[in-house]
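Asks: Quick one: sequence plus predicted model below, questions after.
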Number of protein chains: 2
Amino acid sequence: MATINDVAKRAGVSKGTVSSVFSKKRPISTEVTERVLAAAKELSYFPNQLARSLAIKKTMIVGLKIPISREHAMSGFEVQLINGVIRECSKRGYRVLLDTLPEHDDPIHFAVDPVDGVIMLNPRTNDPRIDRYKLMQTPLVLIGRPDPMDASVCYVDNDNVRIGSQVGQYLIDNGHTSVLFLNASSDMTVAADRKSGLYEAFERSGLSTEQLKVLHYSRKQHGNPTKYGYVSLKHSYGNHEFTAVIADTDRVALGALQATRELGIVIPEQLSIVALSDDPILAQETSPKLTSVELSAELLGSEAAKILLKKIKNIGIVQQKVIDAKLILRESCKTYV
Amino acid sequence: MATINDVAKRAGVSKGTVSSVFSKKRPISTEVTERVLAAAKELSYFPNQLARSLAIKKTMIVGLKIPISREHAMSGFEVQLINGVIRECSKRGYRVLLDTLPEHDDPIHFAVDPVDGVIMLNPRTNDPRIDRYKLMQTPLVLIGRPDPMDASVCYVDNDNVRIGSQVGQYLIDNGHTSVLFLNASSDMTVAADRKSGLYEAFERSGLSTEQLKVLHYSRKQHGNPTKYGYVSLKHSYGNHEFTAVIADTDRVALGALQATRELGIVIPEQLSIVALSDDPILAQETSPKLTSVELSAELLGSEAAKILLKKIKNIGIVQQKVIDAKLILRESCKTYV
DNA sequence: CTGAAAGCGCTTACAG
DNA sequence: CTGAAAGCGCTTACAG
């Protein structure tokens, strides 16, 4: 690969000049410009972004840290979220470095990536990476709230307590007093938040939270979300009393739906189902169509990107944003008439 | 941000030594190692990948060039494909730089990206980028065949002629003699390939290709694939004779399905539908379930990544691979009994 | 086991 | 409008 030096020599100019004709940062006479361009073409010269980035300390790349399971495809939620990030970034001329690599616990391996900022999914409790990004002074925005709360970090999130409460209230309003909650895995902050929202709704209505059966997903135990829905329903139905099930995601709901079919349970007459994470396309194609909460994953992604891009331009900004989730009524819940 | 120099000074060693304790490329005494690590910690030092990459000429990043429409979400095909690329890359410790930016025609803006190689989707006819990557000596693998054919470039692809022919034959075997083909946009090589395969099948069976009505998608004209399916069917039904329609993708089929519902056409009794690009989940959730061709997008992605990674390790390798597509029979085609 | 120095390929004040 | 030189933050022969 020819370098800027080769071109400079060939064109009989300094490399600063070559740099300028490509970057257009200072005016170069047309005569020289042409000579340089000709030399560049002859030598098949292409500017090296890496070297450029090192010099100007800017890459026009946004890092997206999103752990992806080795076995399964991305969920609709992840896909939409990535979509939102990409769309927003590409609108502003940024590219996206997808980092799905498992995280190194060893901080020695933590390096500053060739990115201008990073979006990080699902921070864990006391996530050490948050501090490291602070020390690096790398602009960071989380998707999902930091735990413990930290007013100095940027994030976008749904209000998961509210989601739990809302769905609970909806079921209560329609006559349900006992529900099976197929919750997310217990180490996720969303799981705790949604559960507490659900409890809240029950208590508010003077119902006993004893009527709430909450299960947690475990990849080790269940294999995948659809199986989780399937076996959980099969095991629980008959053993526990419940007239409604809340599924953590549409995939979980799919498994549950399958189980009800095999058990001969009629939806929604005998059992109501609502899913919390919604791939709008999927939810409309099941039968019956799935009543579910639209988390607006794409919006989460694009808002995260917006905030990050703002922050990159103006270090110091800190901003949080909660994205509205809405319950979309379709056909899988019995409504009280 | 502290640099390697700061750490070296603080620890009272040379920067080569600091470099070595982080890279472990040459042995450093434990005493010095500890001093360096302590200094690094005190100064919040994190190695700069960018500088490292420039020095060693390696980034451990794979570029994925995948133009994404501003308006719509990614298609199932794209999602699966990206999935395949990511999965394979992350398995080998590579990250993926998603580049969805619109391509600059101006070759002056073509720079060598901070990647070790690139995967490029849907090359155009006489795509100038292919030559540029050659000149840059950037390892390249295409998804979709180069046009014109070029034995020196790596690619993975379905055999789209075969797909067209296979689907055609299947329809013919089941008694169809006239079909509506809702093909991809006319500037895509896949469109031509599939069409010629379909013609082939008709000719082989001694049928008149006059009974083939082929339409092409145009974003300008149709807006989006689903609308394309919807309006095309509405316009064509009644005006043209056909007992089967081949939809370019499942999204197109979705639109067509919707149109048939409104027109009161019973699927598959009155009309057979087969889709060429298959999101397995989507296809199974429509009613009736969609008979469709599984393109194995994920496999396309992972195979492309495999070849690229091999090529990165050993420049000079050239390899092509055609990925099998299979027709999955579900419920949307009438079968001849 | 460690250091001094050249090099990776750019950019950017500073000077003219 | 252009050049010479220092700098971006690393790595790596070479020498000891």
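Replies: Everything's here; your move.
Asks: only C-alpha atoms for contact and neighbour calcs from this point on.
Replies: OK.
Asks: And the helix or strand hosting residue A:164, what does it pack against?
Replies: Element membership of residue A:164 [criterion: DSSP states H and E] is helix A:160-173. For helix A:160-173, the elements it packs on are helix A:189-204, judged by 3 or more Cα pairs under 8 Å, 6 or more residues apart in numbering or on different chains; DSSP states H and E.
Asks: list the buried ones in the following helix or strand past the helix it packs on?
Replies: Past helix A:189-204, further along toward the C-terminus, the next helix or strand under DSSP H and E is strand A:212-216. Using 16 or more other Cα atoms under 10 Å in any protein chain shown as the test for burial, strand A:212-216 gives A:212, A:213, A:215, A:216.
Asks: quick one on the thing from earlier: now the helix holding residue A:164: mean pLDDT?
Replies: Helix A:160-173 shows a mean pLDDT of 96 in the predicted model.
Asks: ok now that helix, how far from the chain's centre?
Replies: Relative to its chain's centre, helix A:160-173 lies at 22 Å (Cα atoms, centre = their mean, to the nearest Å).
Asks: and the angle for it with helix A:189-204?
Replies: 40 degrees (axes from the mean of the first three to the mean of the last three Cα atoms, to 10 degrees).
Asks: nearest to DNA strand D, of the buried residues of strand A:212-216?
Replies: Distance ranking of the buried residues of strand A:212-216 against DNA strand D, using Cα to the nearest atom of the strand, places residue A:216 first at 42.5 Å.
Asks: quick one: the residue sitting nearest the centre point of chain A from residue A:214, how far?
Replies: For chain A, the residue nearest the mean C-alpha position is residue A:81 (4.7 Å; Cα atoms, centre = their mean). Per Cα to Cα, to the nearest Å, residue A:81 is found 27 Å from residue A:214.
Asks: now the buried residues of strand A:212-216 in a markdown table, with distance to chain B and pLDDT?
Replies: Formatted as a markdown table, the buried residues of strand A:212-216 follow (distance: Cα to the nearest Cα, whole Å; pLDDT from 0 to 100):
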| residue | distance to chain B | pLDDT |
| --- | --- | --- |
| A:212 | 31 | 94 |
| A:213 | 29 | 95 |
| A:215 | 26 | 96 |
| A:216 | 25 | 96 |
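Asks: Can you add distance to residue B:173 and give those residues back as a markdown table?
Replies: Listed next are these as a markdown table, based on distance: Cα to Cα, whole Å:
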| residue | distance to residue B:173 |
| --- | --- |
| A:212 | 56 |
| A:213 | 54 |
| A:215 | 51 |
| A:216 | 50 |
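Asks: Can you get me a residue count around residue A:27?
Replies: Residues lying near residue A:27 (other Cα atoms under 10 Å in any protein chain shown) number 11.
Asks: Report the contact partners of it.
Replies: With contact set as Cα atoms under 8 Å, 6 or more residues apart in numbering or on different chains, residue A:27 has these partners: A:20, A:21.
Asks: which element is it on?
Replies: Going by DSSP H and E, residue A:27 is not in any helix or strand.
Asks: A helix includes residue A:273, no?
Replies: No - applying DSSP: H, G, I helix; E, B strand; the rest coil, one finds residue A:273 to be strand, outside a helix.
Asks: how near is it to DNA strand D?
Replies: For residue A:273, the distance to DNA strand D equals 53 Å [Cα to the nearest atom of the strand, to the nearest Å].
Asks: Next up, the contacts around that residue.
Replies: A:244, A:245, A:246, A:247, A:253, A:267, A:290, A:291, A:332, A:333.
Asks: picking that back up, isn't the residue nearest to the centre of chain A right next to residue A:304, touching?
Replies: No - with contact defined as Cα atoms under 8 Å, residue A:81 does not reach residue A:304; the gap is 9.6 Å.
Asks: Need phi/psi at residue A:143.
Replies: Torsion angles at residue A:143 (phi, psi; degrees, to the nearest 10) stand at phi -110, psi 110.
Asks: Now do it against DNA strand D, distance only.
Replies: Residue A:143 is 28 Å from DNA strand D, by Cα to the nearest atom of the strand.
Asks: do residue A:83 as well
Replies: 32 Å.
Asks: Could you do residue A:183 as well?
Replies: Going from residue A:183 to DNA strand D by Cα to the nearest atom of the strand gives 43 Å.
Asks: got the residue ranges for the helices in the stretch 1-150 of chain A?
Replies: A:4-11, A:15-23, A:30-43, A:49-56, A:76-91, A:128-136 (DSSP state H, counting those that start in this stretch).
Asks: DNA strand C contacts on chain A?
Replies: Neighbours of DNA strand C within chain A, by Cα under 7 Å from any atom of the strand: A:1-5, A:15-17, A:19-20, A:22-23, A:25, A:45-49, A:51-56.
Asks: Going through those residues, which ones are buried?
Replies: Counted by 16+ other Cα under 10 Å, those give A:2, A:4, A:15, A:17, A:19, A:22, A:45-49, A:51, A:53-54 as buried.
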